[in-house]
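Q: I'd like to go over a predicted model; first the sequence, then the structure.
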Amino acid sequence: MFDIEVISLFIYAVLAGNAATTAFFRIPRNIPINGWKIVGGKKPHCSNCGHLLRFWEYLPVLSWIFTKWRCSYCGSKTDIAYPILEIGSVVIIFVLYMFLGFGERIVINFLFFAALLLNTMLFVRHKRIFLKSMAIMLSSIIVNLVYEVDCDRWICLFK
Ligand SMILES: [Zn+2]
């Protein structure tokens, strides 16, 4: 069960889920998605009490085990959207794994469903559509289309 395929897919999904939580936090606040230097100069912190998070408190998996999605300082619960995005990504990758098996197709397909989950969560929370997260989903669709083109009839980039 815990072979190299499963482990590498798990790591991939966890990293993507973590990126999704970053996007979920930053996009509605108009903060650039990439980069460690956050505009406003605030490191990862509890949104309730402002307590700066230690590294095991914001790293995926470690934070699941050690904090159980609660601030170690004030005890307030983490936004439910974060565990949904992180665990949701892991669920998505293993559902896809059952259908697609291991290979580049699952890596590419996953991007779309992860972006779909991100857009869904943003919409549920803010009742609006964000251009940036839609652009992420659109680009994942384009990558999938380019990958899936019929090579006998079209110019192929991947195959
Ligand atoms: Zn706190």
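A: Okay, I see it. Computed from a predicted structure; not experimentally measured.

Q: For the chain, what lies in contact range of the ion?
A: Residues of the chain found near the ion, taking Cβ under 5 Å from the ion as the criterion, are 46, 48-49, 51, 71, 73-74. Yep, even glycine has a C-beta here, placed from its N, CA and C like the rest.

Q: Mind checking which of the residues you listed are in helices?
A: Secondary structure of the residues of the chain next to the ion is defined by DSSP state H; no position falls in helices.

Q: among those, which ones are buried?
A: 46, 71 (16 or more other Cβ atoms under 10 Å).

Q: JSON lines please, covering the residues of the chain next to the ion and showing pLDDT.
A: Rendered in JSON lines, the data for the residues of the chain next to the ion read as follows (pLDDT from 0 to 100):
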{"residue": "46", "pLDDT": "82"}
{"residue": "48", "pLDDT": "82"}
{"residue": "49", "pLDDT": "85"}
{"residue": "51", "pLDDT": "84"}
{"residue": "71", "pLDDT": "84"}
{"residue": "73", "pLDDT": "85"}
{"residue": "74", "pLDDT": "86"}
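
Q: same for the host helix or strand of residue 9, what does it pack against?
A: Assigned by DSSP states H and E, residue 9 belongs to helix 4-26. Packing contacts for helix 4-26, counted by 3 or more Cβ pairs under 8 Å, 6 or more residues apart in numbering; DSSP states H and E, involve helix 81-100, helix 104-126, helix 131-148.

Q: Cheers, nothing more for now.
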